[in-house]
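Participant: with the input below, show me the fold.
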Amino acid sequence: MDKKYSVGIDIGSTASKITILENQTIIDYFIIPTGWNGKETAGKIYDMLKEKGYTHSMKCVATGYGRICVDYADKVVTEITCHGKGVWYLTKSNATVIDVGGQDTKIIRLENGMVNDFLMNDKCAAGTGKFIEVMSTRLGADLNEMYELATKGTVLPISSMCTVFAESEVISHIGSGEKRENIAAGVIDSVAEKVANMALRFGISDHIFLSGGLSNSPYFISVLSKKLGKEIFTNSKAAYSGAIGAAITAYKYWK
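Facilitator: Presented below is the predicted three-dimensional model:
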C-alpha cells in the first residue's frame with residue numbers, strides 16, 4: 001500500500017519552509033531561500049519533493065507571502081490559520097503567538113487549538129525581520145554575524161518608525177564612525193521595541209511563543225522577553241510553524 005504524504009509549503013518573502021507529514025507525524029522538513037520569483041521557487045520545491053519521493057502520493061497546502069505561486073497545491077490557506085495550527089501541534093497549549101516575518105509581524109491569540117483573535121502589521125517593514133536583514137547588509141554582516149555583533153554592543157537608539165528613515169539613521173551612524181556592534185544592537189533593539197509595543201497593545205497571555213525565522217535567535221528572544229517582561233518560549237521547529245499548519249490542513253484532504 002502506497003504511503004500517503006501531507007505536504008505544507010510556506011513561501012515567505014525571504015525563506016520558504018516545507019514540512020512533510022506521514023499520517024500526523026513529521027517525517028521531513030527543509031528550508032530554501034525564496035529568491036526573487038515565487039513561481040520559480042515553487043517549481044524548485046516541487047522538484048525537491050519529487051526527488052525525495054513524495055509527489056507520487058501527496059496532498060499539498062500552501063501558505064505564506066507567495067502561496068498563490070504554488071499551482072500544484074490542493075488549497076491555499078492564510079498564514080494566520082497555519083501558524084495557529086502549527087504552534088498548537090508543537091505545544092498543545094494556549095498561547096500568544098508572535099511571528100516576526102520578513103514582510104510582516106503577526107500576533108495571534110491561540111485557544112484550544114483555534115485562532116481566537118489576531119493583529120497583523122504589514123504597513124511597514126521597520127518592525128520585521130526584513131529590516132534586520134537590510135541593516136545587516138549595510139553593516140557588511142550576515143544575520144548570524146549581526147546577532148553576534150549585537151551581543152557585544154551597547155544599544156544605539158534608532159528612533160524612526162519608518163524603514164526608509166531608520167535606514168537613513170543607520171547610514172548616518174556609520175558615517176559618523178559609530179561602532180558596528182553598537183549599531184547592530186540598536187537595530188535589534190529597534191525591531192524588538194516595535195514588536196513588543198504591538199504585542200502589548202494587542203494583549204499578551206502568560207504563555208508567549210515565538211514562531212518564524214527569529215525564533216532561531218536567542219539574542220532577539222532575550223531582548224524581546226525583557227521588553228515584554230515575560231519569558232518567551234519557542235521550539236527547534238518553530239520556524240516551520242506555518243508549514244506544519246499547512247501540512248496538518250493537507251492531511252485532512254486524505255479523509
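Participant: and G242, how far is that from L143?
Facilitator: 19 Å (Cβ to Cβ, to the nearest Å). Just so you know, the C-beta spots here come from the backbone N, C-alpha and C atoms, and that holds for glycine as well.
Participant: pLDDT averaged over the lengthiest helix in the chain - what is it?
Facilitator: Longest helix in the chain, counting residues (DSSP state H): helix 180-202. Mean pLDDT, helix 180-202: 93.
Participant: then that helix to PDB, C-alphas only?
Facilitator: Output in PDB follows, covering the C-alpha atoms of helix 180-202 (Å, rounded to 0.1, in the frame of the first residue of the first chain):
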ATOM      1  CA  ARG A 180      29.300  48.300  14.200                       C
ATOM      2  CA  GLU A 181      28.300  46.400  17.400                       C
ATOM      3  CA  ASN A 182      26.500  49.400  18.800                       C
ATOM      4  CA  ILE A 183      24.600  50.000  15.600                       C
ATOM      5  CA  ALA A 184      23.700  46.200  15.400                       C
ATOM      6  CA  ALA A 185      22.500  46.300  19.000                       C
ATOM      7  CA  GLY A 186      20.400  49.400  18.100                       C
ATOM      8  CA  VAL A 187      18.800  47.700  15.100                       C
ATOM      9  CA  ILE A 188      17.800  44.600  17.000                       C
ATOM     10  CA  ASP A 189      16.500  46.700  19.900                       C
ATOM     11  CA  SER A 190      14.500  48.800  17.500                       C
ATOM     12  CA  VAL A 191      12.700  45.800  15.900                       C
ATOM     13  CA  ALA A 192      12.100  44.200  19.400                       C
ATOM     14  CA  GLU A 193      10.700  47.500  20.600                       C
ATOM     15  CA  LYS A 194       8.200  47.800  17.800                       C
ATOM     16  CA  VAL A 195       7.200  44.100  18.100                       C
ATOM     17  CA  ALA A 196       6.800  44.500  21.900                       C
ATOM     18  CA  ASN A 197       4.600  47.600  21.600                       C
ATOM     19  CA  MET A 198       2.400  45.800  19.100                       C
ATOM     20  CA  ALA A 199       2.100  42.800  21.300                       C
ATOM     21  CA  LEU A 200       1.300  44.800  24.400                       C
ATOM     22  CA  ARG A 201      -1.300  46.800  22.500                       C
ATOM     23  CA  PHE A 202      -2.900  43.500  21.400                       C
END
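Participant: check which residues of that helix are buried.
Facilitator: 180-196, 198-199, 202 (16 or more other Cβ atoms under 10 Å).
Participant: and the next element down the chain from it?
Facilitator: For helix 180-202, the succeeding helix or strand toward the C-terminus, using DSSP states H and E, is strand 208-211.
Participant: so for the helix or strand just after that next one, what gets flagged as buried?
Facilitator: Per DSSP H and E, the first helix or strand lying C-terminal to strand 208-211 is helix 218-228. For helix 218-228, the neighbour count (16+ other Cβ under 10 Å) marks Y219, F220, I221, V223, L224, S225, K227, L228 as buried.
Participant: cool, and stretch 242-255?
Facilitator: Residues G242, A243, I244, G245, A246, A247, I248, T249, A250, Y251 are the ones in stretch 242-255 that count as buried (16+ other Cβ under 10 Å).
Participant: ok, the nearest residue to the first one once chain neighbours are set aside - contacts?
Facilitator: In this structure, G242 finds its nearest non-sequential neighbour in D10, 3.7 Å apart by Cβ to Cβ, 6 or more residues apart in numbering. When contacts are counted by Cβ atoms under 8 Å, 6 or more residues apart in numbering, D10 is found next to 16-18, 62-64, 67, 79, 82, 240, 242-243, 246.
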